[in-house]
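Trainee: Predicted model, plus sequence, below.
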Amino acid sequence: MTAPAAPPFSVLMAYYAGDRPDHLEEAFLSVTAHQDLPPAEVVLVRDGPVGRDLAERVARLEAESVVPVRHVELAANQGLAAALTAGLAEVHHAIVARMDADDVSLPSRFAVQVPLVAEGLDLVGSAITEFGEEAAVERTRPVVRGADAIASQARLRSPFNHPSVVFRISAVQSAGGYVDLGMMEDYWLWVRMIAAGAKVDNVDAALVRYRVSDGAYGRRGGWTLLRSELSLQRAMRRAGFTTSREYARNVAVRGAYRMIPESFRKALYRLAFVRRGPRFR
């Protein structure tokens, strides 16, 4: 007896003026022509005006794509949450895979994740492998498995790597969708989905290569990120997702992490969240 065919699904990817054309092309091809299980469509969201080189690269990719492309163009840069919300309004399928414009999905990614959602999960992520200018040695950012472990971890830090997730759009919409929270929009969405009873899990395999560009660790800190962090912690406490003690711990630990010097932040991040592994083959 043959296994049932995987259902059609959409890929959702946003880009903006700061993305490099060559990185976007590599990302796009990795979720279309290079996938063992290609999507039925790609919803590509332009978050505001972009330069000529990037616009021409996107136009060529769209024209030559082996997968149909729906191109959503926002007149002004509105940020990731708004761009993804605009894209979700245009998808044609119940299952959606996220992709960032500078990462690379492994060929087996969708063949592994999409059937898990088709079988009943509302959200599934994976481990990721960091590479690029700020990652001279490739390292894997592991994930926890199982609903209980994921819910427990979510009370301290995000249990999912955003560029790796595949989700059921109805579960995302039931939780209120993406809400602008200054680089915390994905974490806040996962918290609301878990609290609403969504069926969630991760796979151990690193199915996405995550590009760590120059200044990546700097962008994880500073006053802007601290304000976003405090807003997130207040929202989690108001929702009853964290206790008063967990709230105090998170403000102290995560708040301090946002304000320490970048070199310390990089060292702590790699110590706590990633493990060194063999280079990607």
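Mentor: Done, it's in. In this text the structure is predicted, and so the values were computed from the model without any measurement.
Trainee: pretty sure Arg98 is in a strand, no?
Mentor: Yes: assessed by DSSP: H, G, I helix; E, B strand; the rest coil, Arg98 belongs to a strand.
Trainee: oh, and call the first residue 22 from now on, that's how I've got it
Mentor: Okay, residue one is now 22; in that scheme the one you just asked about reads as Arg119.
Trainee: That one and Val186 touch, don't they?
Mentor: Yes: with contact defined as Cβ atoms under 8 Å, Arg119 reaches Val186; the gap is 5.1 Å. In short, each C-beta sits where N, CA and C put it, glycine included.
Trainee: All the strands of the stretch 22-171 of the chain, in order from the start?
Mentor: According to DSSP state E, counting those that start in this stretch, the stretch 22-171 of the chain carries its strands in the segments 31-36, 62-68, 90-95, 116-121, 125-126, 144-153, 156-162.
Trainee: Verify the stated contact: Ala168 with Gly218.
Mentor: No: judged on Cβ under 8 Å, Ala168 makes no contact with Gly218 at a distance of 9.7 Å.
Trainee: starting at the chain centroid, how far to the longest strand that the chain contains?
Mentor: When the chain is parsed with DSSP state E, its longest strand is strand 221-232. Put simply, strand 221-232 sits 10 Å off its chain's centre (Cα atoms, centre = their mean, to the nearest Å).
Trainee: In the next helix or strand after that strand, which residues are buried?
Mentor: Using DSSP states H and E, the helix or strand that follows strand 221-232 in sequence is helix 244-259. Residues of helix 244-259 classed as buried by neighbour count (16 or more other Cβ atoms under 10 Å): 246-247, 249-250, 253-254, 256-258.
Trainee: what's the following helix or strand after helix 244-259?
Mentor: helix 265-280.
Trainee: the inter-axis angle of that next one versus helix 244-259?
Mentor: Interaxial angle, helix 265-280 versus helix 244-259 (axes from the mean of the first three to the mean of the last three Cα atoms, to 10 degrees): 170 degrees.
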